[in-house]
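Chemist: output the structure for:
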Amino acid sequence: MDINIYKTSDELAENLANHIISNYLNNNIALSGGSTPLKLFKVLSKKLDKLENKMKFYWVDERCVPPESDESNYKMAESFLFNSKKINRENIYRIKGENQPSEEVTRYSKTLRNNLDIVGNFPCFDLVILGLGDDGHTASIFPYELNKFKNESDCVLATHPTSGQKRISLSEKIINNSKEIIFHVSGSGKKNVVDEIINKRGDYEKYPASHIKPNSGGKISWYLDFEAADNLTK
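Modeler: As a prediction, this is how the structure comes out:
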């Protein structure tokens, strides 16, 4: 496990963007949504404006909403990352949240299998960037649906526990099959769950994020700001 801690969320975004550019300019990357990636997308877009690349972008999860919706993970990346002129639009493979959910699970699974190398019977990403909720959820899998996360499928249909909103998510199997998995986490609201997962404290196994364990040959990295890492130093 590789743990990287930075003073601020801005410094965190800068260093994570540099890591991506140094290692993944010509690779397959799965992006996450939520508020945390916003700064990363802005920094990465500016840096990519100066660089030729063959990056191919996919999604870890998506809400079942149209791409123009403010709730769409795709829309945020479109607004703040894909404005770089050096990104090839043909290399953007979004989850189509406007489609019938179960049909989109099947379609996106086929997209992954048609475009990614198959390793150990599962598609293999070069890099997956994950977020982390203060309840320990990652991708769009919440604790109450942990068994669904372990599904043998490539993608699964999940449901938000409060709103009931349907979401499409990569399964644990395909995430753990990646060459590198990065947790990108900022803010004091995450410090308890970060500590519990990394140090295996308490009931950490109830958190979907604690089940992210790369297969043999894979790597897991944490990129944290001081606030998210606060409990690690106590």
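Chemist: which residues touch A209?
Modeler: 130, 132, 136-138, 183, 193, 197 (C-beta atoms under 8 Å, 6 or more residues apart in numbering). (Each C-beta comes from the backbone N, C-alpha and C, glycine too.)
Chemist: I'd like to know how far it sits from N26.
Modeler: For A209, the distance to N26 equals 28 Å [C-beta to C-beta, to the nearest Å].
Chemist: show residues contacting the helix or strand of the chain at the bottom of the mean pLDDT ranking.
Modeler: Ranking every helix and strand in the chain by mean pLDDT, DSSP states H and E puts helix 146-149 at the bottom, with a mean of 86. Applying C-beta under 8 Å, 6+ apart, the external contacts of helix 146-149 come out as 139, 141, 156, 158, 169, 171-172, 206, 208, 211.
Chemist: what's the first helix or strand after that helix?
Modeler: The C-terminal neighbour of helix 146-149 among helices and strands, as given by DSSP states H and E, is strand 155-159.
Chemist: which other helices and strands contact the following helix or strand past that following strand?
Modeler: Proceeding N to C from strand 155-159, the next assigned helix or strand is strand 166-170, under DSSP H and E. Contacts defined by 3 or more C-beta pairs under 8 Å, 6 or more residues apart in numbering; DSSP states H and E place strand 166-170 against strand 61-63, helix 101-115, strand 155-159.
Chemist: please state the offset of stretch 194-204 from the chain centre?
Modeler: 20 Å (C-alpha atoms, centre = their mean, to the nearest Å).
Chemist: quick one: the strands in this protein?
Modeler: All strands of the chain, identified by DSSP state E, fall at 2-6, 28-31, 56-59, 61-63, 117-119, 122-124, 127-130, 155-159, 166-170, 180-185, 219-225.
Chemist: let me have the ones you listed in TSV, extended by mean neighbour count.
Modeler: Formatted as TSV, the strands of the chain follow (neighbours: other C-beta atoms under 10 Å):
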stretch	mean neighbour count
strand 2-6	15
strand 28-31	24
strand 56-59	21
strand 61-63	24
strand 117-119	13
strand 122-124	21
strand 127-130	24
strand 155-159	22
strand 166-170	26
strand 180-185	24
strand 219-225	20
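Chemist: with distance to T233 and mean pLDDT as added columns, please give the helices and strands packed on strand 166-170 in TSV.
Modeler: Listed next are the helices and strands packed on strand 166-170 as TSV, based on distance: least, C-beta to C-beta, whole Å; pLDDT from 0 to 100:
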stretch	distance to T233	mean pLDDT
strand 61-63	31	97
helix 101-115	38	97
strand 155-159	34	95
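Chemist: need these in CSV with distance to C124, can you?
Modeler: Listed next are the helices and strands packed on strand 166-170 as CSV, based on distance: least, C-beta to C-beta, whole Å:
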stretch, distance to C124
strand 61-63, 18
helix 101-115, 10
strand 155-159, 15
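Chemist: pLDDT below threshold where in this structure?
Modeler: Low-confidence segments of the chain (pLDDT under 70): 234.
Chemist: quick check, central residue of it?
Modeler: L130 (3.0 Å; C-alpha atoms, centre = their mean).
Chemist: how close does it sit to E52?
Modeler: Distance from L130 to E52, by C-beta to C-beta: 27 Å.
Chemist: what of Y24?
Modeler: Taken as C-beta to C-beta, the span from Y24 to E52 is 14 Å.
Chemist: what about those two, which has more around it?
Modeler: Shown here are Y24 and E52; by other C-beta atoms under 10 Å, Y24 has more neighbours (17 against 8).
Chemist: distance of that one relative to I182?
Modeler: Y24 is 10 Å from I182, by C-beta to C-beta.
Chemist: what's the overlap in contacts for these two?
Modeler: The contact lists of Y24 and I182 share L127, where a contact means C-beta under 8 Å, 6+ apart.
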